[in-house]
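Asks: mind looking at a prediction? Sequence and model below.
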Amino acid sequence: MRRPERAARRWNLLAAGLAVAGTCLGAGWWAARPAPGFGQLPAAAPAAVTVAPTPSATPSAAPPVAAPVVGRRLATPTVAPRPPAPVRLEVPSLGVDAEVVPVGVRGDGAMEVPDDPRRVGWYRWGPVPGAAGNSVLAGHVDTRSAGDGALADLAAVEPGALVRVTGADGATREFRVTARVAVDKEELPLADVFARQGPARLVLVTCGGPFDRAASRYEQNVVVTAE
């Protein structure tokens with residue numbers, strides 16, 4: 001039996017946070033610009049005045065040749081390689097085997113979710129699975145036209161359940177479910193869900209709870225954390 005189509009989740013990713021990110025990019029671009037005059041040839045130096053040597057019976061030794069001055073090379077900062085982006089999510093105990101695609105932020109500030117309910121979206125502005133912080137993956141619980149979504153049974157996952165994420169490089173990373181909660185959408189702790197520091201965690205999110213027919217949406221979010 002198909003369930004009603006749920007409305008797109010209203011995760012208000014703070015506009016101020018996005019504005020700060022844009023400012024940082026702007027500042028970085030400005031700092032990387034070359035200094036004025038970079039790449040131009042220097043002006044010709046005035047001709048040196050030479051003095052003829054005094055004649056001598058013994059030829060003088062040739063003047064020493066100055067060693068060329070070599071510019072100091074600046075050290076290149078060492079940056080840890082970032083794990084590849086996720087392309088597949090598996091939760092064997094729930095029968096989940098879904099394609100993962102990168103998503104961003106909609107015009108209203110909410111996180112995008114793939115139109116195809118069989119796919120799961122990875123928040124590409126956050127950490128990659130396996131990197132420090134929370135890697136957020138979200139998907140539909142169901143739709144009117146296609147029935148159950150990839151995360152339809154997420155509310156039934158048990159602590160300790162295995163979660164696999166396959167990266168674009170073919171490598172698979174395994175996580176274990178440590179927590180599952182249902183939260184009213186207005187009370188979703190965004191700072192905790194989208195944390196960028198701390199241990200490498202996987203956060204799976206879908207809709208849940210009672211369905212509000214007047215608003216045409218589920219009233220809660222199901223949030224599962226795996227480490």
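Replies: Yep, it's here. All values derive from a computational prediction rather than experimental measurement. Numbering: from 1, shown residues only.
Asks: in the sheet, who's paired with Asp148?
Replies: Asp142 (DSSP bridges).
Asks: would you list every one of the helices in this structure?
Replies: 15-32, 190-193 (DSSP state H).
Asks: in the shortest one, what counts as buried?
Replies: Meaning helix 190-193. Using 16 or more other C-beta atoms under 10 Å as the burial criterion, the residues of helix 190-193 that qualify are Val193. Every residue, glycine included, has its C-beta placed from N, CA and C.
Asks: and that helix, what does it pack against?
Replies: Under the contact criterion of 3 or more C-beta pairs under 8 Å, 6 or more residues apart in numbering; DSSP states H and E, helix 190-193 touches strand 133-138.
Asks: what mean pLDDT would you report for the strand it packs on?
Replies: Here strand 133-138 scores 97 as its mean pLDDT.
Asks: before we move on, what about stretch 178-186?
Replies: Average pLDDT, stretch 178-186: 94.
Asks: mind listing what's buried along it?
Replies: Burial within stretch 178-186, assessed by neighbour count using 16+ other C-beta under 10 Å, is assigned to 180, 183, 185.
Asks: got a markdown table for these, with distance to Pro159 too?
Replies: As requested, the buried residues of stretch 178-186 are exported to a markdown table (distance: C-beta to C-beta, whole Å):
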| residue | distance to Pro159 |
| --- | --- |
| Arg180 | 7 |
| Val183 | 17 |
| Lys185 | 23 |
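Asks: comparing the helices of the chain, which gets the lowest mean pLDDT score?
Replies: Mean pLDDT is lowest for helix 15-32 among the helices of the chain, at a mean of 30.
Asks: coming back round to it: next step: the buried residues of stretch 178-186 restricted to strands.
Replies: Among these, DSSP state E puts 180, 183 in strands.
Asks: could you report the neighbour count for Trp125?
Replies: Per other C-beta atoms under 10 Å, the neighbour tally for Trp125 reads 16.
Asks: touching, Ala150 and His140? I think so.
Replies: Yes - between Ala150 and His140 there is a contact under C-beta atoms under 8 Å: 7.1 Å.
Asks: quick check: neighbours shared by the two?
Replies: Pro117 (C-beta atoms under 8 Å, 6 or more residues apart in numbering).
Asks: show me what Val183 is bridged to.
Replies: Judged by DSSP bridges, the bridge partners of Val183 are Asn221.
Asks: typo on my end, Thr166
Replies: On the basis of DSSP bridges, Thr166 takes part in beta bridges with Arg88, Thr172.
Asks: ok, it - how many residues close by?
Replies: So Thr166, with other C-beta under 10 Å, has 18 neighbours.
Asks: with Leu137 instead?
Replies: Other residues near Leu137 number 25, with proximity taken as other C-beta under 10 Å.
Asks: measure it to Val113 for me?
Replies: Using C-beta to C-beta, to the nearest Å, we find Leu137 at a distance of 10 Å from Val113.
Asks: and what of Val203?
Replies: For Val203, the distance to Val113 - C-beta to C-beta - is 14 Å.
Asks: quick one: mean pLDDT over stretch 141-156.
Replies: For stretch 141-156, the per-residue pLDDT averages 91.
Asks: just to revisit the earlier point, common neighbours of Leu137 and Val113, please.
Replies: Residues touching both Leu137 and Val113 (C-beta under 8 Å, 6+ apart): Gly121.
Asks: one step back: now, among the buried residues of stretch 178-186, which is nearest to Ala191?
Replies: Val183 (13.2 Å; C-beta to C-beta).
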